[in-house]
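**Student:** Got a predicted structure plus its sequence, pasted below:
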Amino acid sequence: MKAMPLAKRGISDSRLVFGCMGIGGNWNHDPLTKEDYIIAEAAVEAALSIGITMFDHADIYKMGKSESVFGQILKNRPDLRDQIVLQSKCGIRLTDGVLAQRYDFSKSHIVGSVDGILERLGVEHIDVLLLHRPDPLMEPDEVAEAFNVLRSAGKVRHFGVSNMTASQIRFLQRSIAEPLVVNQLEMSLARTDWLDQGILVNRKEGVGVNFADGIMEHCQMEDIQIQAWGPLAQGKYSGQSLDDASDAVKETAALVQRLANEKETTPEAIILGWLMKHPAYIQPVIGTSSAARVLACQDAVRQSELMSREEWYLLYEKSRGHRVP
């Protein structure tokens, strides 16, 4: 069996990632509460208990409080740092009511953002830094300078991107000496244009598919780890109310539940297993603050191995709402 790209590079062999956007209270600047910490600790412990050793952050999550509450967990468990892989993102600047929300890949912002990330997490380095969303004003040489500063200072060990096309990655990589190791994209049974792009080649219905051509192939050829954010589709097929759902969503949720019953597992494991069945070795980023929901994902790797080609296509067809051409 081939190895996951991050495992090949000796970075992480965790097949699932715990996404920390859900911890840290609300999206405001209110102080963290004891309850915020309790919820975060329970979710992190649940992740560790099912073998997750990679944790994904961003400097903007909960206005920095997601990193701060995780930093408190690390402070209370100093042994934990050496057991896990820490990933964070920068490059988005939120609106302050005066300036527009914007992207910023300037050297000063990237370097300053990492200093803030390290301070909130209470660590000396992070393992992976991702550029959060493409900046139209990006200058690859300037990004390379920022990465060199951070790597030389021992603050970041590896670099990657999020939500980028193959051409954007190639454009950036031309200036950067070390390989970009991650591309994080929205992917789920509810977001299948990354598959539709490939099967609708030379078909009229493919004209409206807006998933940049070649991302999946480029990342696989270059051993760039594809990470899926939103892999559980906010519970659309695993417990969310279906009162106002489309027929396709209802039928997909019913199929997911049937497969879960037949295989004596959870809907979450079926949904994630479907993603992980893909030969790109997709690494789902589970973004929930619910410890119970994290635990429900425990069987995902096994289900990806057990899932047949027929079951995979049946789930794909149901989620699309019509058969593949």
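**Tutor:** Received, thanks.

**Student:** C-alpha only now, for contacts and for neighbours.
**Tutor:** Noted.

**Student:** the helices in the stretch 101-250 of the chain, which residues?
**Tutor:** Taking DSSP state H, counting those that start in this stretch as the criterion, the stretch 101-250 of the chain contains helices spanning 107-121, 140-152, 166-173, 193-199, 215-221, 247-262.

**Student:** Which elements pack onto the last one?
**Tutor:** Meaning helix 247-262. helix 267-276, helix 309-320 (3 or more C-alpha pairs under 8 Å, 6 or more residues apart in numbering; DSSP states H and E).

**Student:** what's the residue nearest to residue 164 when sequence neighbours are not counted in contact with, if anything?
**Tutor:** Closest residue in space to residue 164, ignoring its immediate chain neighbours: residue 134 at 6.3 Å, by C-alpha to C-alpha, 6 or more residues apart in numbering. When contacts are counted by C-alpha atoms under 8 Å, 6 or more residues apart in numbering, residue 134 touches 103, 162-164.

**Student:** can you count the residues close to residue 310?
**Tutor:** Number of residues near residue 310 (other C-alpha atoms under 10 Å) recorded here: 9.

**Student:** Could you report the pLDDT at it?
**Tutor:** Here, the pLDDT recorded for residue 310 equals 98.

**Student:** now do residue 1
**Tutor:** Here the pLDDT value assigned to residue 1 is 55.

**Student:** ok so, going back, which of the helices of the stretch 101-250 of the chain sits closest to residue 324?
**Tutor:** When those are compared by C-alpha to C-alpha, helix 193-199 sits nearest residue 324, at 7.9 Å.

**Student:** burial measure for the spatially closest residue to residue 257 that is not a sequence neighbour, as a count.
**Tutor:** Closest residue in space to residue 257, ignoring its immediate chain neighbours: residue 267 at 5.7 Å, by C-alpha to C-alpha, 6+ apart. Counted by other C-alpha under 10 Å, the residues lying close to residue 267 total 27.

**Student:** Now do the contacts for residue 267.
**Tutor:** Contacts of residue 267 by C-alpha under 8 Å, 6+ apart are 237-238, 256-257, 259-260.

**Student:** how close does it sit to residue 150?
**Tutor:** 41 Å (C-alpha to C-alpha, to the nearest Å).

**Student:** can you redo the helices of the stretch 101-250 of the chain as a markdown table with distance to residue 287 and mean pLDDT?
**Tutor:** Listed next are the helices of the stretch 101-250 of the chain as a markdown table, based on distance: least, C-alpha to C-alpha, whole Å; pLDDT from 0 to 100:
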| stretch | distance to residue 287 | mean pLDDT |
| --- | --- | --- |
| helix 107-121 | 18 | 98 |
| helix 140-152 | 27 | 98 |
| helix 166-173 | 25 | 97 |
| helix 193-199 | 20 | 93 |
| helix 215-221 | 22 | 96 |
| helix 247-262 | 20 | 97 |
